[in-house]
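Participant: just to be clear, the model below is a prediction. Sequence and coordinates:
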Amino acid sequence: MRQLIWTCCAAIILAIGPMPDSQAACTLSFRAVAVRSKRGKLIGAQIYAQSRPVMSITGRGWKSVAAAQEVATRLNALAEEGLRPSEISIWTERRTRTIMARGQRVITVDRALAAAQGTSRAQLARTWAQRLRALFGGPYLSVAPVLVPVGESRSVLVKGNIAGQLVVRVGAPDLVSAAWDPAARELRLVGRQQGRTELVIEDRENALAVPVRAAKYAAYLTGTVTAGVTGTPAPRHIVAQAVRAAIKTSMSLEPSAWVNVAPSVENLPVLWPGRSAEVPAMVSAAGPEYLVYRARPVVTVRNEPLAPGQAELLMVSNFPERLAGYGLWFEGKIPDARAARLLYHHVNASSSTSDLVVELWNLGQQPAAVHVVAGVAGPSYDECYVGHRAALEYLSNRATSAGWLVPVPPGTAVPVMTQRLPRQAVASGVLELRPVVSADLSLRLYLAPPVEERMPRAITEYAESPLLGQWHYPQPQREVKARYEVGRDWAFVTIGDTPATGLVEGDLLSGSYGVIYEISLELANPTAEPALVALLLEPAGGPARGALLVDGRPVETALLRNTSEGLVARYSLAPGEVRQVRIETMPQGGSNYPVRLVARPA
């Protein structure tokens, strides 16, 4: 009766839908379709190889359709792997027969499935196995889609049953070349240029079109990577900065690709001057139409005997303070083989999250390296806080010479610092930059769309910005001497009261932000009794915070209002004692200067 349904009904064959994407191009493919009666009733499913029926699965409604889809998927996978007839067998159990291929189950024939076909389990399994052996015994070809890196070669197996001589043609020989090795039954492909084409493989019975893609890696490392740091000792985060800078300048990056560089410094031993360490890093790069590049370089980091010294030029990027859009907002030239200090303090007033970027441009013909000592802070919505943190970090690093070397190849723009800023957030930084060798270097600050990781890039053209030379202040150090004697008048040192004079006529920097004050304070107790002396900081121009080095030790104050004062240090002087106190400080972004240091009785 079941057989009569298949024979007598005018069946309507409807495609179930697309099968999952094949992992290989194959001339032997299986598909499952639903079968309905003339009245539209679901009968079951039929599996076809091209137009040849292979199996009918009925009796379970939509479960028959799902089972047929599953079997067709398995058979397609076996065809892609080049299944041979000898690898098909029947596994006999008491109540079932299972067709096996390469040790995998294709389909299990139980009593209900056989009864729906009007036959026995053994007979149905034998019939289906014979059909499959005939299909897999005929000529067919299977080749996996080919991805070959440009400049490299790949071997690709041709699976299935080749009938006669194999002929291989490449649609675009300028992209990929191909050669056939009949003994190994494999194709040898070489990537020539990036692009996509088609590989046509033909034997006496079949022709197979195989997609081929030749692609470049998104990036690659060139040569051995070394990095330089300074510091007594060099902190781990400084070592990580140096490793990132060295790896980035040693990478060749394709257009529109992006890179992630992750140094591993957690287990780094203390790195003192003259010592070296091996620092592992993880590098990955990707991009549209590029192959993902991964590497695990080990970077040799050496603590170099370099000291910051004195900067001969101060550059201030704060005009305007609020950056309304993308573009260049500051440019300055670094004096040849001399140090310059950059203080920047900006609000992202654009309409979206942006990157604030500081770059070094090598406009010369020779490679350069720049020693960087930095303090940066942000993003934050508290402009006084970020200016304070940047100044304190800079002074602390300067005290221990903690910095790193940034390689700057000729004709290249190299990012030194990047800060991601949400809308209305503030970033502040102080960078001291000293070229190690004579070089033609320009320093640029701009606001740009955010990217994963900023990389060095070739300078294709250069035009001096109208901003070049503005807000430049020579000799940004001031030496101040003061003396406090117990029992006499208090001692006052005012910081930031005299504006710094710029190179452009009429440019006066009120508050002298970024100028280093080196203060030599003498405390004397001429009395016959011990005395306590307090060193205090008090505002003189509005709310302010203080960041200082007192005898090489970092000291900071809380936010001070006009009527308040913050304790910097306290000293106990013995009778007749005279003590010299060395203080370094600077007017910092986000605070109101001038401020006053006061020495008085505690």
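Facilitator: Arrived safely.

Participant: how about the strands in the stretch 251-400 of the chain?
Facilitator: Assigned by DSSP state E, counting those that start in this stretch, the stretch 251-400 of the chain shows strands spanning 251-253, 258-263, 276-286, 293-295, 298-303, 313-317, 322-323, 327-334, 340-348, 354-362, 368-380.

Participant: sec struct for residue 439, please.
Facilitator: coil (DSSP: H, G, I helix; E, B strand; the rest coil).

Participant: residue contacts, the residue nearest to it when sequence neighbours are not counted?
Facilitator: Excluding the flanking residues, the one nearest residue 439 by Cβ to Cβ, 6 or more residues apart in numbering is residue 368, at 3.6 Å. C-beta coordinates here come from the backbone N, C-alpha and C atoms, glycine included. Going by Cβ atoms under 8 Å, 6 or more residues apart in numbering, residue 368 touches 362, 407-410, 435-437, 439, 441.

Participant: pipe the strands of the stretch 251-400 of the chain into JSON lines and attach mean pLDDT and distance to residue 235 per row.
Facilitator: Output for these, formatted as JSON lines (pLDDT from 0 to 100; distance: least, Cβ to Cβ, whole Å):
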{"stretch": "strand 251-253", "mean pLDDT": "93", "distance to residue 235": "25"}
{"stretch": "strand 258-263", "mean pLDDT": "95", "distance to residue 235": "13"}
{"stretch": "strand 276-286", "mean pLDDT": "97", "distance to residue 235": "13"}
{"stretch": "strand 293-295", "mean pLDDT": "97", "distance to residue 235": "26"}
{"stretch": "strand 298-303", "mean pLDDT": "97", "distance to residue 235": "11"}
{"stretch": "strand 313-317", "mean pLDDT": "97", "distance to residue 235": "25"}
{"stretch": "strand 322-323", "mean pLDDT": "98", "distance to residue 235": "30"}
{"stretch": "strand 327-334", "mean pLDDT": "96", "distance to residue 235": "25"}
{"stretch": "strand 340-348", "mean pLDDT": "98", "distance to residue 235": "20"}
{"stretch": "strand 354-362", "mean pLDDT": "98", "distance to residue 235": "20"}
{"stretch": "strand 368-380", "mean pLDDT": "97", "distance to residue 235": "12"}
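
Participant: before we move on, back to that, who does the residue nearest to residue 439 bridge with?
Facilitator: residue 408 (DSSP bridges).

Participant: what's the answer for residue 334, then?
Facilitator: Beta bridges link residue 334 to residue 441, judged by DSSP bridges.

Participant: distance check, it against residue 363.
Facilitator: Relative to residue 363, residue 334 is positioned 11 Å away (Cβ to Cβ, to the nearest Å).

Participant: for these two, indicate the residue with more neighbours.
Facilitator: Counting neighbours by other Cβ atoms under 10 Å for residue 334 and for residue 363 shows that residue 334 has the greater number, 24 against 16.

Participant: so that one touches residue 444, yeah?
Facilitator: No - using Cβ atoms under 8 Å, residue 334 is not in contact with residue 444; the gap is 11.1 Å.

Participant: any weak-confidence spans in the stretch 451-600 of the chain?
Facilitator: Across the stretch 451-600 of the chain, nothing is flagged by pLDDT under 70.

Participant: show me where it has strands.
Facilitator: Secondary structure of the stretch 451-600 of the chain (DSSP E, counting those that start in this stretch): strands at 457-458, 472-474, 477-485, 491-495, 500-501, 508-509, 516-524, 531-539, 547-550, 553-556, 566-573, 578-585, 595-601.

Participant: per-residue confidence for residue 20?
Facilitator: On the pLDDT scale, residue 20 is placed at 37.

Participant: one more: the one 10 residues further on?
Facilitator: We have a pLDDT of 97 for residue 30.

Participant: what's opposite it in the beta bridge?
Facilitator: Applying DSSP bridges to residue 30 yields these beta-bridge partners: residue 49.

Participant: the residue nearest the centre of the chain bridge partners, please.
Facilitator: Nearest residue to the geometric centre of the chain (Cα atoms, centre = their mean): residue 260, 2.4 Å. Assessed by DSSP bridges, residue 260 has beta-bridge partners residue 284.

Participant: thought it was touching residue 453?
Facilitator: Yes - when contacts are counted by Cβ under 8 Å, residue 260 is listed as touching residue 453 (5.7 Å).

Participant: where's residue 585 relative to residue 96, distance?
Facilitator: Distance from residue 585 to residue 96, by Cβ to Cβ: 88 Å.

Participant: among these two, which residue is more densely surrounded?
Facilitator: Neighbour count, other Cβ under 10 Å: between residue 585 and residue 96, residue 585 has more, with 26 against 15.

Participant: list the contacts of that one.
Facilitator: Residue 585 neighbours (Cβ under 8 Å, 6+ apart): 395, 495, 516-517, 519, 546-549, 597.
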